[in-house]
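> My questions are about this predicted structure, shown below with the sequence.
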Amino acid sequence: MALLIATPDRDAHELARHIQYRDPEIDLRIWPEMGDTSEIAFVLAWKPPDELFRQLPNLQAVSSLGAGVDALIDRADIPARVDIGRLAGPRLAANMAAYLVAMVVGDWKGLAGFVEDQKNLRWNPWAPESPPAVGLLGMGQMGQHSAAAFAELGFRLHGFSRSGKGPASVEMHSGQKGLAEIARVSDYLVNLLPLTDGTRGILDRALFSKMKQGSTLINVGRGEHLVEQDLLDALKVERPGCAMLDVFRQEPLPGDHPFWTHPDILITPHCASITLTVEAAELAVESYRRVLAGKTPLGMVDRERGY
């Protein structure tokens, strides 16, 4: 049973080297050098080429090389019999939590102001009052790790999920009323939702109108969660007052996009949490061995739910 790495937009040779180091007996191939495609049963994929999976008659499982599976769920060339999984290890979730804590705490503590004070030789002692309220849309692995990190700092936490279930440290919400309520109470509203038909465009005019004036929107989910023009309109009335965006509908973000020069938008280049090669290799080998043994891959996805 061969394992294929299909990542057209990134060099997979380093990942392959780490996989082979952990298990030299794996028949490992890197797209487009696939050899006998009938031997390929497991694929590690990130933005795989169109119609790739129709070429693999004995495919058993496909695994995303990250937490997102939206690029795989709706592909017509992946048969229903083929399991879809993901490689989302603890380091990936920890990196997301670190990014979010850095963004929120840096803004809440006004660190940018101290940079300006230093430039102007200005001594201006200042500290914020009580911690702000952080709302987390999505309480999966990423959301739970982030909630734990914020809880350690004493932040007031709200969460939103389809089931309404979450950690004891988080006041949970669900449904349309819950979505409106978490927007109303959050000083920082963070989107960590998976991209599904039900969440596409969820960051829209209706949601922004419920947010606190001067609050902050943080999107680390997917670019398609955000209705871009609605955000630009909402920033004019400071609901939200600013936005921190790590994901976009088109990546890299085009140079003429209005987000680049907007004074109330902070851009990071889809780097909030990047899959580390060493961790990905470890998880890939484990997932491959599971499939080889007739089990489901790691991070098995429910196609009906979309995550």
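Thanks, I have the structure now.
> Residue 57 should be in a strand, yeah?
No. Residue 57: not assigned to a strand; according to DSSP: H, G, I helix; E, B strand; the rest coil it is coil.
> so what are the domain limits for the protein?
2-87+275-292, 90-267 (automatic domain parsing).
> Could you work out the end-to-end span of the first one for me?
Just to be clear, that refers to domain 2-87+275-292. 10 Å (C-alpha to C-alpha, to the nearest Å).
> please begin residue numbering at 32 from this point
I'll keep to 32 as the first residue from here, and by that count the last item is domain 33-118+306-323.
> how would you label the residue in the chain sticking out farthest from the centre: helix, strand or coil?
Note on the chain: the largest C-alpha distance from the chain mean falls to residue 152, namely 39.7 Å (C-alpha atoms, centre = their mean). Under the three-state scheme (three-state DSSP), residue 152 adopts coil.
> now residue 276, nearest residue through space, not along the chain?
Distances taken as C-beta to C-beta, 6 or more residues apart in numbering put residue 250 closest to residue 276, at 5.1 Å, once the chain neighbours are dropped. C-betas here are computed from N, CA, C, even on glycine.
> which one's the longest helix in the chain?
helix 121-139 (DSSP state H).
> Buried residues, it. List them.
122-128, 130-132, 134-136, 138-139 (16 or more other C-beta atoms under 10 Å).
> which among the residues you listed gets closest to residue 334?
residue 123 (21.9 Å; C-beta to C-beta).
> mind checking how far the nearest residue to that closest one once chain neighbours are set aside is from residue 119?
Nearest non-adjacent residue to residue 123, counting by C-beta to C-beta, 6+ apart: residue 304, 5.3 Å away. Distance of residue 304 to residue 119, given as C-beta to C-beta, to the nearest Å: 9 Å.
> and the residue nearest the centre of the chain, what element?
When C-alpha atoms, centre = their mean is applied to the chain, the residue found nearest the centroid is residue 252 (4.3 Å). Assigned by DSSP states H and E, residue 252 belongs to no helix or strand.
> ok now do it, which residues does it touch?
Contacts for residue 252 (C-beta atoms under 8 Å, 6 or more residues apart in numbering) come out as 168-169, 222-226, 230, 278.
> hang on, the earlier thing: beta-bridge partners for the residue nearest to residue 276, please?
residue 222, residue 276 (DSSP bridges).
> mind checking how far it is from residue 226?
Taking C-beta to C-beta, one finds residue 250 at 11 Å from residue 226.
> quick one: common contacting residues for those two?
Common neighbours of residue 250 and residue 226 (C-beta under 8 Å, 6+ apart) are residue 256.
> joint contacts of residue 304 and residue 119?
With C-beta under 8 Å, 6+ apart as the test, residue 304 and residue 119 both reach 98, 173.
> ok, which stretches of the stretch 132-281 of the chain are strands?
Ranges of strands in the stretch 132-281 of the chain, per DSSP state E, counting those that start in this stretch, are 164-168, 187-191, 202-204, 219-222, 247-250, 273-276.
> Give me the buried positions along the second one.
Along strand 187-191, the positions that meet the burial threshold by neighbour count (16+ other C-beta under 10 Å) are 187-191.
> re the thing from before, could you dump the contacts of residue 252 to a markdown table with pLDDT and neighbour count?
Listed next are the contacts of residue 252 as a markdown table, based on pLDDT from 0 to 100; neighbours: other C-beta atoms under 10 Å:
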| residue | pLDDT | neighbour count |
| --- | --- | --- |
| 168 | 98 | 27 |
| 169 | 97 | 24 |
| 222 | 98 | 24 |
| 223 | 98 | 28 |
| 224 | 97 | 27 |
| 225 | 93 | 21 |
| 226 | 93 | 22 |
| 230 | 96 | 21 |
| 278 | 98 | 21 |
